[in-house]
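Student: Please find the sequence and the predicted model below.
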Amino acid sequence: MKKQLIAGNWKMNGSLQSNAALVAALAAGAGSAQCLVAVCVPAPYLAQVQLLVAGTRIDLGAQDVSQHESGAFTGEMSAGMLREFATRYCLVGHSERRQYHGETDALVATKAQRALAAGITPIVCVGETLAERDAGRTEEVVKRQLAAVIHTNGHCISEIVVAYEPVWAIGTGKTASPEEAQQVHAVLRAQLQAATAHADRVHILYGGSMNAANAAQLLSQPDIDGGLVGGASLKPADFLSIIAAAR
Ligand code: PGA
């Protein structure tokens, strides 16, 4: 069975000083972890955190990548640049990017393709808003978001990580129940199975107010292969408890 993956999403938080303290605490506590561990850090800190995680169990991740390879795209970061800092993972299509930066399904799919081409595993985020859930559209929305990535990436699709993050659960303290989350994960797994013979290899993470208290139950569901953790990933004790609950 594959190891679960617990990835922290620091979002726009941190400083040189606090990053050093956080990673030192995680590295000390994660030595005996059963699962894979990653931290997705703000771009200016990639070089710093690359050094901090070297020789530890922790892999480095970024939070976004350009859909372009290089050129006149002021402010953007290419997958090749991220790779130079030993970036192993990159979030793409986080709901905050979709919501505040107008990222479309097609754009997210191209970003995933750029990451894969550079040898970086894209963590493709999908999830419905509260209005979509209330309208009974959860499955339709997540399937549409994942379909774009499958369409663009073809047989490479078994190389991605998927993160199901119900938008209404992000940073709100509201979590999908383990059963609600498992139901959506099963839908995503079936969609991957229709696209690749290696769908079982794909990690499907749950994200949205995962914390020390609810992680074990979520992580015991058959199609939940790990977590994408925002707020709790900034608190070493909480993040380490989630890591300890993973297998
Ligand atoms: P949260 O964020 O754990 O703070 O809800 C998760 C995410 O947005 O990746």
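Tutor: Perfect, I can see it now.
Student: Check whether residue 126 really touches residue 140, as I assumed.
Tutor: No - contact between residue 126 and residue 140 fails when scored by CB atoms under 8 Å: they sit 11.6 Å apart. C-beta coordinates here come from the backbone N, C-alpha and C atoms, glycine included.
Student: higher neighbour count, these two?
Tutor: Per other CB atoms under 10 Å, whichever of residue 126 and residue 140 has more neighbours is residue 126, with 27 against 13.
Student: Report the closest residue of this protein relative to the ligand.
Tutor: Scanning the chain for proximity to the ligand using CB to the nearest ligand atom identifies residue 230 as nearest, at 2.2 Å.
Student: what's the spacing between that residue and residue 96?
Tutor: According to CB to CB, to the nearest Å, residue 230 and residue 96 sit 10 Å apart.
Student: what does residue 228 give?
Tutor: Taking CB to CB, one finds residue 228 at 12 Å from residue 96.
Student: and if you look at residue 89?
Tutor: 17 Å.
Student: Over to residue 37?
Tutor: On the measure of CB to CB, residue 37 and residue 96 end up 22 Å apart.
Student: Between those two, which is the more surrounded one?
Tutor: A direct count of neighbours by other CB under 10 Å for residue 37 and residue 96 places residue 37 higher, at 26 against 21.
Student: Could you tell me which strands the host helix or strand of the more buried one is paired with, and in which direction each runs?
Tutor: According to DSSP states H and E, residue 37 maps onto strand 36-40. In the sheet, strand 36-40 lines up against strand 5-9 (parallel), strand 58-62 (parallel) (DSSP bridges).
Student: Return the distance of the helix or strand following the last one from the chain's centre.
Tutor: Going back to what we said before, that points to strand 58-62. Using DSSP H and E, the helix or strand that follows strand 58-62 in sequence is helix 79-83. Offset of helix 79-83 from its chain centre (CA atoms, centre = their mean, to the nearest Å): 17 Å.
Student: what bridges to residue 161?
Tutor: Applying DSSP bridges, one finds that residue 161 bridges with residue 123.
Student: Just give the number of residues close to it.
Tutor: With other CB under 10 Å as criterion, residue 161 counts 26.
Student: okay but it is in contact with residue 91, surely?
Tutor: No - under the criterion of CB under 8 Å, residue 161 is not in contact with residue 91, lying 9.4 Å apart.
Student: any common contacting residues for those two?
Tutor: 122-123 (CB atoms under 8 Å, 6 or more residues apart in numbering).
Student: Which residue ranges of this structure form helices?
Tutor: Assigned by DSSP state H, the chain shows helices spanning 16-29, 46-53, 79-83, 95-100, 105-117, 130-134, 138-153, 178-195, 215-219, 236-245.
Student: picking up where we left off before, any residues in contact with both of residue 230 and residue 96?
Tutor: Counting by CB under 8 Å, 6+ apart, the residues touching both residue 230 and residue 96 are 11, 170.
Student: so how far is the helix or strand of the chain with the lowest mean pLDDT from its chain's centroid?
Tutor: When each helix and strand of the chain is scored by mean pLDDT, DSSP states H and E, helix 130-134 comes last, with a mean of 95. Counting by CA atoms, centre = their mean, helix 130-134 is centred 22 Å from the centre of its parent chain.
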